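**Q** Provided below are the primary sequence and the corresponding predicted coordinates.
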There are 2 protein chains.
Amino acid sequence: MNSFTFYNPVKILFGKGQISSISKEIPAGARIMLTYGGGSIKKNGVYEQVMEALRGFEVLEFSGIEPNPHYETLMQAVDIAKRHQIDFFLAVGGGSVIDGTKFIVAAMEYEGVDPWDILAKREPVKKAAPFGTVLTLPATGSEMNSGSVITRVSTKEKLSFGGAYTFPKFSVLDPETTFTLPLRQISNGIVDAFTHVLEQYLTYPVNAPLQDRFAEAILLTLKEEGPKAIQNPKDYDTMANFMWCATMALNGVIRTGVPTDWATHYIAHELTALHGIDHARTLAIVFPSLMRYKSETKKEKLLQYGRRVWGVDAGTEDECIEATIQATIAFFESLDIPTRLSDYEVGQDTIDHIVKRFEERGVKNLGERADIQIPDVKEILTMSL
Amino acid sequence: MNSFTFYNPVKILFGKGQISSISKEIPAGARIMLTYGGGSIKKNGVYEQVMEALRGFEVLEFSGIEPNPHYETLMQAVDIAKRHQIDFFLAVGGGSVIDGTKFIVAAMEYEGVDPWDILAKREPVKKAAPFGTVLTLPATGSEMNSGSVITRVSTKEKLSFGGAYTFPKFSVLDPETTFTLPLRQISNGIVDAFTHVLEQYLTYPVNAPLQDRFAEAILLTLKEEGPKAIQNPKDYDTMANFMWCATMALNGVIRTGVPTDWATHYIAHELTALHGIDHARTLAIVFPSLMRYKSETKKEKLLQYGRRVWGVDAGTEDECIEATIQATIAFFESLDIPTRLSDYEVGQDTIDHIVKRFEERGVKNLGERADIQIPDVKEILTMSL
């Protein structure tokens, strides 16, 4: 097992009706900015529950945080929040609203010249305003980690940041808030969470059997609960299980002491940045090709994954690996997530464009062995055409 | 799945050499009390590593915290720490030293009349002095939770407390610190961690498949790594895996959203209080009988445990359950942990004594269904004779 540091101070309030307890988690007298997205929370009753829970607090609303939250939008929120001396933020929504709010709270307290440097120059975040979240879309795990991915529209860049100061103080996970989600978002959430686990699991063995089994536990549960969630998105237990899987997939627990990959995410972000394809769908496009391309260096874990998650154990090693990748693709496709670039009308020109962007950015050494270079990215994307 | 709150802010520093990084985790200028036990840390090099890491801090030592730490001893530490205006505590040792230090830090800041009330009257702990830990014995999980069990010698009482204020600020888990442990302590640690998982798992199903699989992941890993640890207690990876299992067994993760039992612990504590039998051994005595006695209400989980952890799936349900309990007993015995009261020369008179103490204390409603009463305790203990 590798050495590691683990720290996750997020308080989780899980279950039906938990929104009502958030006032106990926010400092008395706080001036709150409520951040949210396109307004779905006004249709599903979540907004009313939150406002009821915040009665007695001064609350300023900032809506319109878009999917793949825009730097430009978030800087408007920072400007407004500073003018109104906001001292607590409450993000209500999915990963985009939460990621966006993490950038807002970091930018609020940023002492450098330009908060964009947090992303572009990876300037460390040394403090941040406090915030909580009410999660309405299980997917990204942002509700229980400190990471965030932000898009700058003007330059079509999608960049990430994180650190010890951007953990939510608390996150409410009430499965009932997911009952009105469009099926497309549920599918995306399942594939997103599933891929998060794979990025931390499908590398090489380091004798960390507990972490392996924890990762497989999430994969097996998503495999079981995912199709049920699509069939019956108002079943409380199903949505609760899916929700808790998505949170556990990226809260640091399964990453302890093991190598991680993240090349799929790094490459896939480009497809969202350039074409606006849903994040989860870009993962489903890149992941299978990356596995095939790196099947030699990932062999042991691919065989273990196939055996323990998909019951694949017949044939040669190569046959098992191909059957395992096929099972994964079939799982994604069964959730109505197409897995080829052509399904999204994306072709060779986009691959060339991504290669050019990576060359400009000097991208190198992706993956758990730092052995994926730009020509490899080109091959992987070509395999996904 | 049941509703739940999860909160665990302990920072884990895991791996070889991590002791050297503790000075970064302690406030500059802190006056530190170093708490430890019988002095084994002076023989295995841990004391030197800690003192080296604390160079530049003012450090006062308090040694002699015994197994099943004594209220009387701990109050001496409180007295000394107050006189020396100690403002940070560092517990170096196993669960007893860590549990004891939790009581010290709570008593330091206790504003009521008598700190004993924290245990006897379950007075809530509203603040506590900060502390960190260096774990040298994987077993209790105390390094990553806020719970503590304290024994009062004068009255032979063993009582627990916990709460949001007695989490360590950090815990160092360096597998190398375990290399010189006596085999008896390794065996005890494996059984202790294993039973911690069972207390949170062998109840009744609430449709929480991820939590079930996480619990099974720890059980399967302890089943594999436990015997290896006994065989080769200087194998880094083996001890690392055992150590991380013991921590994950009781840091709150597997308890989220599921019922818990803890009747085995409650009853077993009496055997330690009255006869000084090692904590893990008392669990191994009580647990099998409790499972047999409650096999009807625990049926579904017992069958699942047998199937998934021990591969038991032949015969009637009753036969499967008995085979599962036998497999558990065989596992304990293979680690040189006897499982009957007679193995410890304890007889009927002790059972009568425990029943009397429970009657005096008004004990009732133990177990996940609150259906274990004093006559049931008597039957369970009698089955362990």
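**A** Looks like it arrived, so ask away.
**Q** what residues does the stretch 1-150 of chain A have near chain B?
**A** A:1-18 (C-beta under 8 Å from any C-beta of the partner chain). All C-beta atoms are positioned from the backbone trio N, CA, C, and that covers glycine.
**Q** show me which of these are buried.
**A** Among the residues of the stretch 1-150 of chain A next to chain B, those buried by neighbour count (16 or more other C-beta atoms under 10 Å in any protein chain shown) are A:1, A:3-4, A:6, A:8-15, A:18.
**Q** pLDDT of the host helix or strand of A:Ile190, averaged?
**A** In the assignment (DSSP states H and E), A:Ile190 maps to helix A:183-201. For helix A:183-201, mean pLDDT is 98.
**Q** quick one: check the following helix or strand past it for contact with chain B.
**A** Using DSSP H and E, the next helix or strand after helix A:183-201 towards the C-terminus is helix A:209-231. Yes. Interface with chain B: helix A:209-231 contributes A:209-211, A:213-214, A:216-218, A:220-221, A:224-225 (C-beta under 8 Å from any C-beta).
**Q** can you tell me which of the residues of the stretch 1-150 of chain A next to chain B are in strands?
**A** Applying DSSP state E to the residues of the stretch 1-150 of chain A next to chain B, the entries found in strands are A:4-6, A:11-14.
**Q** could you list the low-pLDDT ranges of the stretch 51-200 of chain A?
**A** Within the stretch 51-200 of chain A, no range satisfies pLDDT under 70.
**Q** verify the stated contact: A:Val377 with A:Ile354.
**A** Yes. The pair A:Val377 and A:Ile354 passes the contact test of C-beta atoms under 8 Å, sitting 7.0 Å apart.
**Q** overlap of the contact sets of those two?
**A** A:Ile267 (C-beta atoms under 8 Å, 6 or more residues apart in numbering or on different chains).
**Q** returning to that earlier point: who does the helix holding A:Ile190 touch, helix- and strand-wise?
**A** Counting contacts by 3 or more C-beta pairs under 8 Å, 6 or more residues apart in numbering or on different chains; DSSP states H and E, helix A:183-201 is packed against helix A:209-231, helix A:236-249, helix A:263-275, helix A:279-293, helix A:299-310.
**Q** and the residue most central in space within chain A, how close does it get to A:Pro115?
**A** Central residue check for chain A by C-alpha atoms, centre = their mean: the C-alpha nearest the mean position is that of A:Thr140, 2.7 Å away. To A:Pro115, A:Thr140 is 21 Å away according to C-beta to C-beta, to the nearest Å.
**Q** got it, and A:Asn68?
**A** 18 Å.
**Q** which of those two has more neighbours?
**A** Comparing A:Asn68 with A:Pro115 by neighbour count (other C-beta atoms under 10 Å in any protein chain shown), the higher total belongs to A:Pro115, at 23 against 19.
**Q** mind listing what that one touches?
**A** By C-beta under 8 Å, 6+ apart, the neighbours of A:Pro115 are A:75, A:78, A:103, A:106-107.
**Q** residues from the stretch 201-350 of chain A in reach of chain B?
**A** Residues of the stretch 201-350 of chain A lying near chain B (C-beta under 8 Å from any C-beta): A:207-211, A:213-214, A:216-218, A:220-221, A:224-225, A:237, A:240-241, A:244-245, A:248, A:253, A:256-257.
**Q** narrow those to just the buried residues.
**A** Here the buried ones among these, as counted with 16+ other C-beta under 10 Å, turn out to be A:207-211, A:213-214, A:216-218, A:220-221, A:225, A:240-241, A:244-245, A:248, A:253, A:256-257.
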